[in-house]
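[1] structure of the sequence below:
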Amino acid sequence: MDQNDTEPKSRSQKKRDAQALQALGEKLVSLSKEELKDLGLPDKLQKAVLEARILKPREALRRQMQHIGALMRSIDPEPIRAAIESSATRQYLKAREHKKIEDLRDGLIAGTIDLQRDLLEDYPEADRRHISQLIRNAHKEAENNKPPKSARALFRYLRDLSVN
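    Take a look at the predicted model:
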């Protein structure tokens with residue numbers, strides 16, 4: 001039998017649990033509206049989270065966060081924790097993929113010929129001429145200190161290739 005089943009929680013433990021739920025509520029406030037809808041939160045909790053976004057970081061927001069923590073005591077927080085961790089993992093993977101494409105683009109513009117050959121081997125459907133043209137234009141723009149329009153277009157093209 002677990003110790004928690006026989007003895008009531010101490011006041012300190014109740015306080016730690018309440019603070020953990022409030023911290024989880026703060027993470028909820030940072031999620032997008034779409035992510036909030038996907039969680040399937042109770043209406044009262046979802047409304048409280050949306051109201052917290054409007055408040056300025058002062059006393060009213062602190063009280064609202066405490067209210068969110070109190071509302072969360074009546075529901076099971078584990079699905080919410082799992083969804084937030086899943087969201088954080090997705091954001092991390094998305095950022096890593098973005099960085100990978102940026103590095104590829106920068107390498108192509110820098111003139112790493114092996115990179116272009118490897119890219120065309122990995123993505124045979126890629127348009128060799130279009131990529132070469134974008135690279136040449138990006139070089140010219142960089143030399144003339146113009147805005148990197150072609151570099152951005154190259155990034156978008158590489159991102160679209162990796163998505164397909």
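
[2] what strand or helix carries the spatially most central residue of the chain?
    In the chain, the C-alpha nearest the mean C-alpha coordinate belongs to Gln91, at 2.9 Å (CA atoms, centre = their mean). Secondary-structure assignment from DSSP states H and E places Gln91 in helix 78-110.

[3] report the distance from that helix to the chain centre.
    Its chain's C-alpha centre and that of helix 78-110 lie 7 Å apart, by CA atoms, centre = their mean, to the nearest Å.

[4] please apply the same query to stretch 126-133.
    Using CA atoms, centre = their mean, the offset of stretch 126-133 from its chain centre is 31 Å.

[5] look at Ile101 and say how many residues are nearby.
    19 (other CB atoms under 10 Å). (C-beta placed from N, C-alpha, C; glycine too.)

[6] how near is it to Ser162?
    6 Å (CB to CB, to the nearest Å).

[7] what angle do whichever helix or strand Ile68 is part of and helix 78-110 make?
    Element membership of Ile68 [criterion: DSSP H and E] is helix 59-72. Calculated by axes from the mean of the first three to the mean of the last three CA atoms, to 10 degrees, helix 59-72 forms an angle of 120 degrees with helix 78-110.

[8] which strands and helices sit next to helix 59-72?
    helix 11-30, helix 43-54 (3 or more CB pairs under 8 Å, 6 or more residues apart in numbering; DSSP states H and E).

[9] nearest spatial neighbour of Ile75, skipping sequence neighbours?
    In this structure, Ile75 finds its nearest non-sequential neighbour in Pro42, 6.3 Å apart by CB to CB, 6 or more residues apart in numbering.

[10] so what pLDDT did Asn137 get?
    Per-residue pLDDT puts Asn137 at 94.

[11] now it: closest residue in space, sequence neighbours ignored.
    Ser150 (3.6 Å).

[12] check which residues of stretch 25-43 are buried.
    Neighbour-count burial for stretch 25-43, with 16 or more other CB atoms under 10 Å as criterion, is recorded at Gly25, Leu28, Val29, Leu31, Leu36, Leu39, Leu41.

[13] who are the contact partners of the second one?
    Spelled out, that is Leu28. Leu36, Leu39, Leu41, Leu45, Val49, Ile68, Ile80, Ile84 (CB atoms under 8 Å, 6 or more residues apart in numbering).
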